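J.: Kindly return the folded structure for what I paste below:
(2 chains)
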Amino acid sequence: MTKKNSTPLHRPYDQILPWLVPLLLLALWQTGASSGWISTRIAPAPAAVLEAGWSLAASGELFRHLWASTQRAGAGFLIGGGIGLALGLLNGSFRVFERLLDTSVQMIRNVPHLALIPLVILWFGIDEEGKLFLVALGVFFPVYLNSFHGIRSVDPALVEMGRAYGLGNRSLFRHVILPGALPSILVGVRFALGWMWLTLIVAETIAASDGIGYMAMNAREFLQTDVVVLAIVLYAVLGKVADAAARWLERRLLRWNTAYA
Amino acid sequence: MNTHLPPVQDAVARRPHRNAKGVGIRIDSVGRTYGERTVLAGVDLDVAAGEFVAVVGRSGCGKSTLLRLLAGLENPDAGDIRLDGRPHADEREALRIMFQDARLLPWKSVVNNVALGLAAGHKAARATALEALDEVGLADRADEWPTRLSGGQRQRVALARALVHKPRLLLLDEPLGALDALTRIEMHALIERLWREEGFTALLVTHDVSEAIALADRVLLIEGGRIALDQRVELPHPRERGGARFAALEEQVLRRVLQHPPAMGRSAAAPFGRWRWAA
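T.: This is a model prediction of the structure:
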């Protein structure tokens, strides 16, 4: 195993290139704001956003909101993703369960889950449960669909081989079915992470007493555009972090697959 | 002594496996139909323990179906298959099959592919698998992904995976069909050597008459759903392809195969459409 295929000459260049456009835009924005072209009521200067971030971090408030949001996102993701994975594996594996459940799931899937917000508020009030419910629902479908599809698209030739080599149902699932479905499942996870943040943003702007969405809505009341923009930037960063984590997982779990290695 | 040998090779002496003896096959008026199409109709066959039998025939003649019935991947609609006099279903552990494609699990390293289905603990299974890989000359590729191997190497891994279970019956479903001519000849020598060392019964399905004659004690021709020719090959192993008797025999069998027009319809692939793994 040699590690000499990367081209060391181009490495720094490759690292900088994707950041060139964002940096340029940021510089333009900063110049525009400080020269008075852009009203700070519309968009505060990047430096002002940074400053707002700094002061909020210093008071510890930023981390309180960040932690609340992350917790909600994580818990919702685990619940919705867990159910989606379990149901996808079940329906993909047993024809009976597919016949029994898939139609119902597909019907519910066609309802945009954010349309349920009024109902969710009636059910759960404005407490934590409602937000968890929404996030879990948003995460459920992509994970379910892709797990189901992953199981169904495992190469039947490999399954036949496994059977011929004396694997029982359990070993067959562990050694053949699950690893075969994993690329698809991870695609579902990446989609789900996108839905997770989106749902959370909406849920937190409706009713919350902490979290980044609450921070943004609160700042809007006081016309603190810098904090509003900070919240948006934070969502972008969190989304990027989640995506990077999913990519890392893909690279790690799908090492065997030349498309990810 | 060669000092550059990998440690694995030192540990494994070339030993004859006389303990793993072949299994005798008795096929009694076996039939198989797919819907309207009769693929096999009343096939009778006796194979002695340790014999190497090749089955040839035009594509779609049912030779692969016969092998799949023997492997227990499909059930016959009529008739009976017995291994060493016992019902075939009880002897599933005694047989292993090699497919047309290697069917290695791409998410397992070469050695873990070979160890698939071994009951022993992880360490013991790995040692056994490495031993089998050494037999096919691929011990040095043990920890690579299968995708990095060539077609011939993949089939060698598949062969190791089959032999690691010490099968008493090895079924070969055109395993060399996709390989180039030189690799095929290498594989012939390898299969023949392992067959002689391990003493298993072998049943090779092939469309290549020369391959059948190079390897087998008997060459069967399946035609019209039954065995139309049962030709003994009395040439000493290893066989010389250039020899006059080899060529004459090949010519004779080939002529017989070509006597009849090709079967109608498509080849007899298994109906996978409705199939579910946990059915």
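J.: List the buried residues for the helix or strand where residue B:204 lies?
T.: Here residue B:204 sits within strand B:201-205, counting by DSSP states H and E. For strand B:201-205, burial by neighbour count (16 or more other Cβ atoms under 10 Å in any protein chain shown) applies to B:201-205. Any C-beta I mention is one placed from the backbone N, CA and C, and that applies to glycine too.
J.: For the chain, which segments are assigned as helices?
T.: Going with chain A. A:11-34, A:46-59, A:61-93, A:95-109, A:117-124, A:128-152, A:156-164, A:169-172, A:178-206, A:212-221, A:225-253 (DSSP state H).
J.: my question was about chain B
T.: B:7-11, B:63-71, B:110-114, B:122-135, B:151-163, B:181-198, B:209-215, B:244-258.
J.: looking at those helices, which is closest to chain A?
T.: In terms of Cβ to the nearest Cβ, the element of the helices of chain B nearest to chain A is helix B:63-71, at 5.9 Å.
J.: Packing partners of that closest one?
T.: strand B:25-34, strand B:37-47, strand B:52-56, strand B:95-98, strand B:169-173, strand B:201-205 (3 or more Cβ pairs under 8 Å, 6 or more residues apart in numbering or on different chains; DSSP states H and E).
J.: Those: which one's closest to chain A?
T.: Comparing the helices and strands packed on helix B:63-71 under Cβ to the nearest Cβ, the one sitting nearest is strand B:95-98, at 5.2 Å.
J.: So in that sheet, which strands flank that closest one, and in what orientation?
T.: strand B:169-173 (parallel) (DSSP bridges).
J.: what pLDDT, on average, does the partner strand get?
T.: Averaging pLDDT along strand B:169-173 yields 94.
J.: Test for you: state the pLDDT assigned to residue B:75.
T.: 89.
J.: still on that earlier bit, closest to residue A:145 out of the helices of chain B?
T.: Closest approach to residue A:145 among those is made by helix B:110-114 (30.3 Å; Cβ to Cβ).
J.: re earlier: could you dump the helices and strands packed on helix B:63-71 into CSV with distance to residue A:104 added?
T.: Formatted as CSV, the helices and strands packed on helix B:63-71 follow (distance: least, Cβ to Cβ, whole Å):
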stretch, distance to residue A:104
strand B:25-34, 36
strand B:37-47, 39
strand B:52-56, 50
strand B:95-98, 41
strand B:169-173, 42
strand B:201-205, 46
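J.: rewinding a little: any chance of the helices of chain B in TSV, plus mean pLDDT and mean neighbour count?
T.: Supplementary listing: the helices of chain B in TSV, determined by pLDDT from 0 to 100; neighbours: other Cβ atoms under 10 Å in any protein chain shown:
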stretch	mean pLDDT	mean neighbour count
helix B:7-11	38	12
helix B:63-71	91	24
helix B:110-114	94	25
helix B:122-135	90	19
helix B:151-163	93	24
helix B:181-198	90	17
helix B:209-215	91	23
helix B:244-258	88	15
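J.: Just put these in JSON lines and tack on distance to residue A:233.
T.: Converted to JSON lines, the helices of chain B look like this (distance: least, Cβ to Cβ, whole Å):
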{"stretch": "helix B:7-11", "distance to residue A:233": "56"}
{"stretch": "helix B:63-71", "distance to residue A:233": "61"}
{"stretch": "helix B:110-114", "distance to residue A:233": "45"}
{"stretch": "helix B:122-135", "distance to residue A:233": "48"}
{"stretch": "helix B:151-163", "distance to residue A:233": "50"}
{"stretch": "helix B:181-198", "distance to residue A:233": "59"}
{"stretch": "helix B:209-215", "distance to residue A:233": "68"}
{"stretch": "helix B:244-258", "distance to residue A:233": "74"}
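J.: Any idea which of these gets closest to residue A:100?
T.: Here helix B:63-71 is closest among the helices of chain B (Cβ to Cβ), at 32.3 Å.
J.: List of residues touching that closest one?
T.: A:164, B:25, B:27, B:30, B:32, B:39-40, B:43, B:55-57, B:74-76, B:81, B:88, B:95, B:97, B:169, B:171, B:173-174, B:203, B:205, B:222, B:267-268, B:270 (Cβ atoms under 8 Å, 6 or more residues apart in numbering or on different chains).
J.: Narrow the residues you listed to just the buried residues.
T.: The buried subset of these - by 16+ other Cβ under 10 Å - is A:164, B:25, B:27, B:30, B:32, B:39-40, B:43, B:55-57, B:74, B:76, B:81, B:88, B:95, B:97, B:169, B:171, B:173-174, B:203, B:205, B:222, B:268.
J.: Residue B:132: what's it in contact with?
T.: B:114, B:160-161, B:163-164.
J.: pLDDT at residue 104, what is it?
T.: Answering for chain A, as no chain was given. pLDDT, residue A:104: 89.
J.: my question was about chain B
T.: At residue B:104, pLDDT is 95.
J.: what about the closest residue in space to it that isn't next to it in sequence, neighbour count?
T.: Distance criterion Cβ to Cβ, 6 or more residues apart in numbering or on different chains; nearest residue to residue B:104, sequence neighbours excluded, is residue B:146 at 4.0 Å. Neighbours of residue B:146 under the rule other Cβ atoms under 10 Å in any protein chain shown: 22.
J.: and residue B:236, what are its phi and psi?
T.: phi -70, psi 150 (degrees, to the nearest 10).
J.: Can you name the residues of the stretch 151-261 of chain A sitting close to chain B?
T.: Contact residues, the stretch 151-261 of chain A versus chain B (Cβ under 8 Å from any Cβ of the partner chain): A:154, A:156-167, A:169, A:171-173, A:175-177, A:179-180, A:182, A:254-258.
J.: Find the residue closest to residue A:224 in space, skipping its chain neighbours.
T.: Residue A:224 sits nearest to residue A:52 (Cβ to Cβ, 6+ apart), 7.2 Å away.
J.: One more: residue A:155?
T.: That would be residue A:180: by Cβ to Cβ, 6+ apart, it lies 6.6 Å from residue A:155.
J.: Quick check: of the buried residues of strand B:201-205, which lies closest to residue B:194?
T.: When the buried residues of strand B:201-205 are compared for distance to residue B:194 (Cβ to Cβ), residue B:202 comes out closest, at 9.3 Å.
J.: Show me what the closest one is bridged to.
T.: residue B:52, residue B:170.
J.: Am I right that it is in contact with residue B:48?
T.: No: taking contacts as Cβ atoms under 8 Å, residue B:202 lies outside contact range of residue B:48: 11.7 Å.
J.: who touches the strand holding residue B:204?
T.: Counting by Cβ under 8 Å, 6+ apart, B:22-25, B:47-55, B:63-64, B:66-67, B:70, B:168-174, B:191, B:195, B:211-212, B:215-216 sit against strand B:201-205.
J.: circling back: burial measure for the residue nearest to residue A:155, as a count.
T.: 20.
J.: what do you get for residue A:117?
T.: 16.
J.: which residues touch it?
T.: So residue A:117 contacts A:134, A:202-203, A:206 (Cβ under 8 Å, 6+ apart).
J.: And those, which is closest to chain B?
T.: residue A:134 (33.2 Å).
J.: from what I can see the closest one touches residue A:77, true?
T.: No: with contact defined as Cβ under 8 Å, residue A:134 does not reach residue A:77; the gap is 11.9 Å.
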